[in-house]
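Enquirer: Kindly return the folded structure for what I paste below:
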Amino acid sequence: MKKYIKIIIPLILICIAGLTIYYFATKVKLNSSYVNGNTAGNLYNAGLFCESDGEVFFSNTNDNGRLYAMNLDGSNIHKLSNDTAMYINADKNYVYYVRNNNQKITSQTFFSYDRNSLCRIKRNGHSSTVLDPDPCIYASLIGNYIYYLHYDTQTATSLYRIRIDGEDKKKIKSHYLFTCNTSGQYFYYNNPENGQLYRYDTASQSEALFYDCNCYKPVVLDDTNVYYMDVNQDNAIVHVNINNPNPVVLTEANIEHYNVYGSLIFYQRGGDNPALCVVKNDGSGFKELAKGEFCNINVTSQYVYFTDFVSNKEYYTSTQNPDTVTALQP
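Expert: Modelled structure (predicted):
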């Protein structure tokens, strides 16, 4: 009997140790602060690039939009998943994205069953998990929750949130809101009915008017500097400091897409003379970067990435000194 006990006890201890290791290895690591998963400008532009802790996670158009990672300078490119990814977010442990398999990726892509699932994967590409199998789009990470648009046949498009471990799934609004512009515990959005700029507090789940304007796809920086497409001025881009409201029109009208990085605004001019352009946040320094129709303007600290709307080819230029445009071939 003593002989068997000597064998059984070590086996039990080994099993306990193994289960403990497995538990901590598979347990989802929650964030200790209101980390934000990507920038407003990137998420408005389909979230195809996401810079986080020295890495860039991106949708590789040369490989059917599959999820890749690379260094900030474009080196060390490697695949993380065979999923076609958009609305990419990241924290120190995971990458979150909308799986958009078998579709051309554009910021206008909408829902489709079995394709637009909300997913989580470790930063090293291991342990892929589906958080919401229903059609999803416009996902934004705020702390330990992802806020996103959810579609089902009963309620159509609604604003949902879900915890990053896949628990506590909840409908927040019975209609759609863009949750792209996050800052700490808040996200900012244009009211779909009148264009007024609102701020939603995810801690108290309350909202309040932030700035009275008629805007579309606002970008709020430092809770004071606001950029938006002015609906009353045919979507010209406007900059205003709400502490001293004196809106400055930065561009001509008919802007289709834009992104903000520091003091620079990158945008797609529509109309009869379409082009990708850049201007400073005081309206000076205008430069035409490339003629043609471009979309998906995504910005990192090193490069601005954008897609030819017709050919779906990707290009980039320097963020700090935008000038020469180069084809992206990762």
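Enquirer: contacting residues for the spatially most central residue of the chain?
Expert: For the chain, L43 is the residue whose C-alpha lies nearest the centre (Cα atoms, centre = their mean; 3.4 Å). In this structure, L43 makes contact with 87, 138-140, 180-181, judged by Cβ atoms under 8 Å, 6 or more residues apart in numbering. (Glycine included, C-beta is placed from N, CA and C.)
Enquirer: The same query, at a cut-off of 6 Å, please.
Expert: C180 (Cβ atoms under 6 Å, 6 or more residues apart in numbering).
Enquirer: Correct me if wrong, but it is in a strand.
Expert: No. According to DSSP: H, G, I helix; E, B strand; the rest coil, L43 belongs to no strand; its state is helix.
Enquirer: Distance-wise, check it relative to C180.
Expert: The spacing between L43 and C180, counted by Cβ to Cβ, to the nearest Å, is 4 Å.
Enquirer: And for V219?
Expert: From V219 over to C180 the distance is 9 Å, taken as Cβ to Cβ.
Enquirer: Now the common contact residues for those two.
Expert: With Cβ under 6 Å, 6+ apart as the test, V219 and C180 both reach A40.
Enquirer: pretty sure G47 is touching A85, no?
Expert: No. The pair G47 / A85 is not scored as a contact, 8.6 Å apart, by Cβ atoms under 6 Å.
Enquirer: for the stretch 101-250 of the chain, what are the low-confidence residue spans?
Expert: 102-115 (pLDDT under 70).
Enquirer: any idea where the strands of it begin and end?
Expert: Ranges of strands in the stretch 101-250 of the chain, per DSSP state E, counting those that start in this stretch, are 118-122, 129-132, 136-142, 145-152, 156-163, 170-173, 181-183, 186-190, 197-201, 206-211, 215-221, 225-230, 236-241, 248-249.
Enquirer: Which of those strands sits closest to N36?
Expert: Closest approach to N36 among the strands of the stretch 101-250 of the chain is made by strand 181-183 (4.3 Å; Cβ to Cβ).
Enquirer: Which strands border that closest one, and is each parallel or antiparallel?
Expert: Using DSSP bridges, strand 181-183 pairs in its sheet with strand 186-190 (antiparallel).
Enquirer: Now the partner strand - C-alpha only, CSV.
Expert: Only the C-alpha atoms of strand 186-190 are listed here, as CSV (Å, rounded to 0.1, in the frame of the first residue of the first chain):
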residue,chain,number,x,y,z
TYR,A,186,-14.7,57.8,-23.3
PHE,A,187,-15.6,57.6,-26.9
TYR,A,188,-16.9,60.5,-29.1
TYR,A,189,-19.4,60.3,-31.9
ASN,A,190,-21.6,62.4,-34.2
